[in-house]
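# Based on what follows, work out the 3D shape:
(one chain, ligands or ions: 1)
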Amino acid sequence: FQPKLLKNRKILITAGPTFEAIDAVRGITNLSSGKMGYAVARAAIEAGAEVTLISGPSCITPPSSAKLISVTSAQEMLNAVNDAVEGMDIFISVAAVSDYYVLNPSEQKIKKDAHILTLELAPNPDIVANVVNLPNAPFCVGFAAESENLYEFAEMKRRRKNLPLLAANLVQDALGSDESELVLFDDEGTHPLPLAPKITLARQLIEHIAKLYIPSSQE
Ligand code: C5P
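Below is the predicted model:
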């Protein structure tokens, strides 16, 4: 691993799940440990980058030299990304953002009774799609966790979101685990990264990003 591939580059990373409140104690979230996103942050720091890590609720320890911004909901994550994105060279969107939020969360704990409880859900904004469409957008990298048809669904997602690079894995392999397999999708095709610790995959991803990324001053 060549250590300083992204020396002094500013990299924004989202990681972990988001949590959408239902009431004072309950919410909707995703099964995401934050391990992959934090590993990507670590690998980016090793490569010499200045890293801002925007993280949903996670129990693991973030790399100490990342600037950590902790958020809860997708809307908070979007606001934090919008506040931090200016001047960033690269945005790596690893977070498992909840697709929906609860329209009218209750401030108090909802008491149970014999009736069916209906929650009204509204779609959350797509954070990475917002960043891609900014006038001076950084180089954007997405992640996709699929439960089937990995190659087809991931490439469709990359094209729909207009991303130059997307890393995809099967949820069965990756969730909560310290190891995973990743497939990188870019304009050249697919690049499978075999089963390895997440930090190894993160370093390979950072190397791949460093190959594709062209600083705007050289464009
Ligand atoms: O569509 P899907 O959620 O599978 O897309 C995954 C990619 O999009 C990830 O990079 C994720 O961080 C990003 N995403 C986002 N905002 C959302 C949903 C997903 O940034 N609301």
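# Grab the most central residue of this protein for me.
The structure's the chain has its C-alpha centroid closest to Val94; by C-alpha atoms, centre = their mean the separation is 1.6 Å.
# Nearest residue to that one in space, please, no chain neighbours.
Gly37 (3.6 Å; C-beta to C-beta, 6 or more residues apart in numbering). Glycine gets a C-beta too; all of them are placed from N, C-alpha and C.
# Does the one you found fall in a helix, a strand, or a coil region?
helix (DSSP: H, G, I helix; E, B strand; the rest coil).
# what about it, neighbour count?
When neighbours are counted by other C-beta atoms under 10 Å, Gly37 registers 29.
# so it makes contact with Ile11?
No. In this structure, Gly37 is not within contact of Ile11 by C-beta atoms under 8 Å, at 11.8 Å.
# Give me the common contacts of the two.
Ile92 (C-beta atoms under 8 Å, 6 or more residues apart in numbering).
# now the helices for the protein?
Ranges of helices in the chain, per DSSP state H, are 35-46, 74-84, 127-132, 150-160, 171-174, 198-212.
# for these, which one sits closest to the ligand?
Counting by C-beta to the nearest ligand atom, the ligand lies closest to helix 127-132 out of the helices of the chain; the figure is 3.3 Å.
# Would you mind listing the buried residues in that closest one?
Ile127, Val128, Val131, Val132 (16 or more other C-beta atoms under 10 Å).
# got it, and stretch 160-168?
Lys161, Leu163, Pro164, Leu165, Leu166, Ala167, Ala168.
# Once you drop chain neighbours, what's closest to the second one?
Put plainly, it is Leu163. Once flanking residues are discounted, Leu163 sits nearest to Gly142: 4.6 Å by C-beta to C-beta, 6+ apart.
# Now do the one you found against Arg158, distance only.
7 Å (C-beta to C-beta, to the nearest Å).
# which residues are in contact with both of those two?
Common neighbours of Gly142 and Arg158, counting by C-beta under 8 Å, 6+ apart, are Leu165, Leu166.
# and Gln172, what is it in contact with?
Ser147.
# Let the chain start at 48 from now.
Right, with 48 as the first residue, what we last looked at is Gln219.
# which residues in the chain form strands?
57-62, 66-68, 74-76, 97-102, 114-117, 137-140, 147-149, 168-170, 186-193, 212-217, 226-233, 236-244 (DSSP state E).
# by contact count, what packs against the third one?
Using 3 or more C-beta pairs under 8 Å, 6 or more residues apart in numbering; DSSP states H and E as the contact criterion, the neighbours of strand 74-76 among helices and strands are strand 66-68, strand 147-149.
# The closest residue to Val118 other than its chain neighbours: what's it in contact with?
Closest residue in space to Val118, ignoring its immediate chain neighbours: Met124 at 4.7 Å, by C-beta to C-beta, 6+ apart. Residues in contact with Met124 (C-beta under 8 Å, 6+ apart) are Thr61, Thr65, Ile101, Gly103, Val118, Ala142, Val144, Ile174.
# Report pLDDT for the fourth one.
By that I understand Gly103. Looking at Gly103, its pLDDT stands at 98.
# The nearest residue to it once chain neighbours are set aside - how many residues pack around it?
Nearest residue to Gly103, sequence neighbours excluded (C-beta to C-beta, 6+ apart): Gly63, at 3.7 Å. Each residue near Gly63 was counted by other C-beta under 10 Å, and the total is 30.
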